[in-house]
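Peer 1: Coordinates for the following, if possible.
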Amino acid sequence: MELNEKRVVDTFLELVQIDTPSYFERPMADHLLKLLKELGLEVVEDDAGQQVLRGLGKETQELLKHEPQTGNLIATLQGTVQGAPKLLFTAHMDTVVSAKGIKTHIDNGVIRTDGKTILGADDRAGIAAILEAIRHLKENNIEHGDLQFAFTIAEETGLYGSLYLDKSKIHADYAFVMDSGGPPDSIIVASPTEVDFTVLIYGKAAHSGVNPEDGLNAISVAADAISKLQLGRIDEETTINIGIIQGGEKTNIVCDRCEILGEVRSRDDQKLSEQLSKVHSAFQMAGEKWGAKVDIREEKIYDGFNLSAEDDVVALAMEGLRKVGIEPKLAPRGGGSDTNNLNAKGIPAVNLGVGANKDHTVEENLRVQDLTDATRLIIGIVQSAAERAGVQTS
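Peer 2: Numbers count the residues shown, from 1 in each chain. Alright, predicted model coming up:
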């Protein structure tokens, strides 16, 4: 498959110059709106931005009140083939942090920054691959079924864009999320459910030097509870973490309030429930032992999914990889992505590699070969879907 490799790299380098951390995606959305319309696609923008804003805390709402709201972009390319599966390809427009002032260079086929900013390959690589695939399909008059492309917001802060994606505007049978790290040979077929928990422990304040015995240290209660928990990796499918502990005002006051924030993830719902029960038990027992009030709240962040080679969306991704000469590997992932929310909405979806390495760090990099392979993969999937309708595409 002859591909305009220079153009896809140039597109990527152009995209990384557009600084759009989460909740500030408007510049990228405007850039993509213009490009997609020039390519002849129908483009709509949903109201996910407004829904995301309503769910944020007051401080964040105040910060964003003068920012133009941005929704998910949904672009449609009408098919030239009847009867082919309808496909959706997605990538997210936000980056985990700002990359303002980014400077890039290519060294031995690897795109890097000067080490002062992230690269933003997560997920500019996915966007670039999608754009080049569209250009290639149109320029080479490749037969295809109905195609849609969604560019989502606020992925890095909780998958909010895909959570509020307007499903009434999506008509796909299968979805392919271009957002997994590493080379494009990996198909992510499983991801855990994540539930976050917040524990509030209420003790009693007292002067730490004059009458500490009259106080009840909430931090001591928290430490007692945490010491009873196994943290980290529980097994291949399950992890638990406590990431934030905050409490107290001054060193000379017995701490009367402590907040603990953590999460449990598992690809097995039974194991998820078991770990959450252990969290509740540990903190409630510590509260009873010390005489402290304990409140525990849970919030499901996203649902997990488990697919296999027998699922049609996986089989189609495997066909696409083999069509471009890459042997597929099926793998689980410990983190969430827009793939989780698409599956939860009833759209069978997998996450595909776009080549980003060391993402979320200033050491982030992208192999040019992986970027071009990700582009070829999209085209291969499109061709494989058309061939299911009896059309010869290559």
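Peer 1: what bits of the stretch 51-200 of the chain have low per-residue confidence?
Peer 2: Under the criterion pLDDT under 70, no range of the stretch 51-200 of the chain is flagged.
Peer 1: What segments of it are helices?
Peer 2: Here the stretch 51-200 of the chain has its helices, by DSSP state H, counting those that start in this stretch, at 58-64, 121-139, 160-163.
Peer 1: do you know which of these lies nearest Gln383?
Peer 2: helix 121-139 (9.1 Å; C-beta to C-beta). For glycine as for every other residue, the C-beta is placed from the backbone atoms N, C-alpha and C.
Peer 1: so which strand or helix has Gly380?
Peer 2: helix 368-387 (DSSP states H and E).
Peer 1: Now do that helix: which elements does it pack against?
Peer 2: Under the contact criterion of 3 or more C-beta pairs under 8 Å, 6 or more residues apart in numbering; DSSP states H and E, helix 368-387 touches helix 5-15, strand 87-92, strand 110-113, helix 121-139, strand 174-180, helix 312-323, strand 349-353.
Peer 1: mind listing what the second one pairs with, with the direction of each?
Peer 2: Paired with strand 87-92 in the same sheet, following DSSP bridges, are strand 147-152 (parallel), strand 174-180 (parallel).
Peer 1: quick one, domains of the chain?
Peer 2: 5-191+304-391, 193-302 (the TED database).
Peer 1: Burial-wise, tell me which of the ones you listed comes out on top.
Peer 2: domain 5-191+304-391 (a mean of 20; mean count of other C-beta atoms under 10 Å).
Peer 1: need the helices of the stretch 51-200 of the chain in a markdown table with distance to Leu39, can you?
Peer 2: Shown next, in a markdown table, are the helices of the stretch 51-200 of the chain (distance: least, C-beta to C-beta, whole Å):
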| stretch | distance to Leu39 |
| --- | --- |
| helix 58-64 | 30 |
| helix 121-139 | 6 |
| helix 160-163 | 22 |
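Peer 1: Nearest to Gly181, out of those?
Peer 2: helix 121-139 (7.0 Å).
Peer 1: now the angle between strand 174-180 and that closest one, please.
Peer 2: 130 degrees (axes from the mean of the first three to the mean of the last three C-alpha atoms, to 10 degrees).
Peer 1: so who does the closest residue to Thr95 other than its chain neighbours touch?
Peer 2: Once flanking residues are discounted, Thr95 sits nearest to Gly120: 4.7 Å by C-beta to C-beta, 6 or more residues apart in numbering. Residues near Gly120 by C-beta atoms under 8 Å, 6 or more residues apart in numbering: 15-16, 95, 99, 102, 364.
Peer 1: Cool, thanks, talk later.
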